[in-house]
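Enquirer: just to be clear, the model below is a prediction. Sequence and coordinates:
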Amino acid sequence: MIQKLTSEARATQLSHLDGWQVASGRDAIQRQFQFADFNEAFGFMTRVAIKAQEMDHHPEWFNVYNKVDITLSTHEVNGVTERDIAMARFIDGIAKPAQHE
Ligand code: H2B
């Protein structure tokens, strides 16, 4: 089974990611994205969804119009693993024109 990152490893990985924070009250990471409009937000979500299917690793997310809140954790171990870090890197790579709050 995949291993949870230790809190030290999680902190190190987070320091290399842009805008991600540890979620309050659980072992997960979160970031909020803001796009120009719903069309851009949903296009972004579609690209993430395709990657999630390929990786068999799926985000928890909440969308209102041009905002997308994403939480990543590995349900299997109830914590943050390399899979979440890989997904966060992918997301950051495709969200370049987006702003985060
Ligand atoms: N996504 C996330 N974020 N964590 C998981 O543990 C996970 C998943 N497990 N997507 C996958 C699907 C698993 O439920 C299926 C059966 O492979």
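Expert: Nice, I can see it.

Enquirer: pLDDT averaged over stretch 59-78 - what is it?
Expert: For stretch 59-78, the mean per-residue pLDDT is 98.

Enquirer: endpoints of it, how far apart?
Expert: 13 Å (C-alpha to C-alpha, to the nearest Å).

Enquirer: can you confirm whether that stretch lies near the ligand?
Expert: Yes - for stretch 59-78 and the ligand, the contact criterion (C-beta under 6 Å from any ligand atom) is met by 74-76. Every residue, glycine included, has its C-beta placed from N, CA and C.

Enquirer: ok, those vs residue 64, which is closest?
Expert: residue 75 (24.0 Å; C-beta to C-beta).

Enquirer: how many other residues sit next to the closest one?
Expert: By other C-beta atoms under 10 Å, 10 other residues sit near residue 75.

Enquirer: got the residues of this protein near the ligand?
Expert: 56-58, 74-76.

Enquirer: and of these, the nearest to residue 84?
Expert: residue 74 (6.0 Å).

Enquirer: who does the closest one bridge with?
Expert: Listed beta-bridge partners, residue 74: residue 79 (assigned using DSSP bridges).

Enquirer: was I right about it contacting residue 83?
Expert: Yes - applying C-beta atoms under 8 Å as the test, residue 74 and residue 83 come out as touching, 5.5 Å apart.

Enquirer: the two: which has the busier surroundings?
Expert: Set residue 74 next to residue 83 and count neighbours by other C-beta under 10 Å: residue 74 wins out with 21 against 17.

Enquirer: now do the contacts for the more buried one.
Expert: Residue 74 makes contact with 2, 4, 57, 80-81, 83-84, according to C-beta atoms under 8 Å, 6 or more residues apart in numbering.

Enquirer: tabulate the residues you listed (a markdown table), appending secondary structure.
Expert: Formatted as a markdown table, the contacts of residue 74 follow (DSSP: H, G, I helix; E, B strand; the rest coil):
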| residue | secondary structure |
| --- | --- |
| 2 | coil |
| 4 | coil |
| 57 | coil |
| 80 | coil |
| 81 | coil |
| 83 | helix |
| 84 | helix |
